[in-house]
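S.K.: here is a sequence together with a model predicted from it:
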Amino acid sequence: MGLNALFENDVPVFLAPMSGVTDAPFRKQVLRFGAKAAITEMVAGEELIRGLRDAETRLKPSGQAGGLHIVQLVGREAEPLRLASELAAQSGADVIDINMGCPSRRVTGGLSGSALMRDLDHAERLIEAVLEGAGRVPVTLKMRMGWDWKSVSAPELAARAERLGVQMITVHGRTRQDFYEGAANWPAIREVKSSVSIPLIANGDIVDFATAQSALRQSDADGVMIGRAATGRAWLIADIEARLNNRSLNRPSFARQMDSLLEQASDSIDLYGLRIGSRMVRKHLSAAFDYWVDQGFVDAGKLDVKKEVLSAQDCTELTSAFEKIEYRAAEFAA
């Protein structure tokens, strides 16, 4: 399945790239539940070509068959990004995405991410470099609306990117200066959509079926991208995509959700080692537990095992904590 095939009959839903969240163990579960694409954590081009272990780990495919393996690269110099895109293509990337939207001070301070939206000529040079290195692998671009609302550059950057050969644009409906404050401006994305003929994806504050519908309607986008709301809920991407396209998808049972998290924890420990692996999966466990309480699967007033779940040192301890949750959840439901 290629990138264009995602848009032939459906409105696609993408898992957004998130540092410390969308690692290979989590992406494996997202694809296993039926998502058609998942994007890696942001990979620094210069770190990848230097062979740094963290960058190579972020590059790893999920190991789950089916679905597009999209590698996101970030950088500020053309030659390292060209070489990094070559490595990404050689590693099996189905698509290479360029990050020009990250607002963090660490990234923008290095003149990468959304800082590039203040220098579109340089942004063009980086896009050309990635396209050259990628060869026949499709290249996409993720951005914000601009540096601030006084300098909205997304429509022009998107148009330039399309002329160069970029095949899809994703726009977060905030500027860099907004960080994650306030509400994403979905109507503003419509101007970017009108500047290109390639598919455009809306991002920002999309957390469920209702917000996905609203974002699509207000932005005129061809699809949506979901970020933090998917943490601990690997099934959410496929669930929202099914509903947007008038298909029924049985939301996984409570037990199936726990099995998925246990497998993710096991894969995380295998990938990173026991100490780091157990720590990497905790944000997913915490988010899942809070969701279960919110949905009434478990009674927060009677359960004292969340701390036990988050302090589990291995899969045996996590399984034991989950068994307590499942037993008490059954009691609560009765």
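M.R.: Done, it's in. Numbers count the residues shown, from 1 in each chain.
S.K.: ranges for the strands of the stretch 101-250 of the chain?
M.R.: With strands called from DSSP state E, counting those that start in this stretch, the stretch 101-250 of the chain shows them at 139-144, 169-172, 200-203, 223-226.
S.K.: low-confidence bits of the stretch 1-150 of the chain, can you list those?
M.R.: Across the stretch 1-150 of the chain, the stretches falling below the confidence threshold (pLDDT under 70) are 1.
S.K.: could you pull out the helices in the stretch 151-300 of the chain for me?
M.R.: Defined through DSSP state H, counting those that start in this stretch, the helices belonging to the stretch 151-300 of the chain, from first to last, are 154-164, 186-193, 209-219, 236-244, 254-272, 274-295.
S.K.: pLDDT of the third one, averaged?
M.R.: What it means is helix 209-219. For helix 209-219, the per-residue pLDDT values average out at 98.
S.K.: quick one: contacts of it?
M.R.: The contact list for helix 209-219, computed with CB atoms under 8 Å, 6 or more residues apart in numbering, reads 11, 13, 171, 173, 184, 186-187, 189-190, 193, 200, 202, 204-206, 221, 223-224, 226, 239-240, 243-244. In this view, the C-beta of every residue, glycine as well, is placed from N, C-alpha and C.
S.K.: give the buried residues for that helix.
M.R.: Residues of helix 209-219 classed as buried under the neighbour-count rule (16 or more other CB atoms under 10 Å) are 209, 211-213, 215-216, 218-219.
S.K.: Throw those into JSON lines and include distance to G273, thanks.
M.R.: Shown next, in JSON lines, are the buried residues of helix 209-219 (distance: CB to CB, whole Å):
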{"residue": "F209", "distance to G273": "38"}
{"residue": "T211", "distance to G273": "37"}
{"residue": "A212", "distance to G273": "37"}
{"residue": "Q213", "distance to G273": "42"}
{"residue": "A215", "distance to G273": "39"}
{"residue": "L216", "distance to G273": "41"}
{"residue": "Q218", "distance to G273": "45"}
{"residue": "S219", "distance to G273": "42"}
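S.K.: of the strands of the stretch 101-250 of the chain, which is nearest Q257?
M.R.: Across the strands of the stretch 101-250 of the chain, the minimum distance to Q257, taken as CB to CB, is reached by strand 223-226, at 17.1 Å.
S.K.: list the contacts for the nearest residue to A89 once chain neighbours are set aside?
M.R.: Nearest in space to A89, with sequence neighbours left out and distances taken as CB to CB, 6 or more residues apart in numbering, is V137 at 4.5 Å. With contacts taken as CB under 8 Å, 6+ apart, V137 has the following neighbours: 85, 88-89, 93-96.
S.K.: widest-spaced pair of these?
M.R.: Greatest spacing in the contacts of V137, by CB to CB: S85 and D94 (13.2 Å).
S.K.: between the two, which is the more surrounded one?
M.R.: Between S85 and D94, counted using other CB atoms under 10 Å, the more crowded position is S85 (27 against 17).
S.K.: and that one, what does it touch?
M.R.: Contacts for S85 were tallied using CB under 8 Å, 6+ apart; they are 45, 73, 96, 129-134, 137, 139.
S.K.: next one: A288
M.R.: A288 makes contacts with 232-233, 257, 261, as judged by CB under 8 Å, 6+ apart.
S.K.: would you turn these into a markdown table with distance to R279 and neighbour count?
M.R.: Rendered in a markdown table, the data for those read as follows (distance: CB to CB, whole Å; neighbours: other CB atoms under 10 Å):
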| residue | distance to R279 | neighbour count |
| --- | --- | --- |
| G232 | 15 | 25 |
| R233 | 20 | 22 |
| Q257 | 21 | 22 |
| L261 | 15 | 23 |
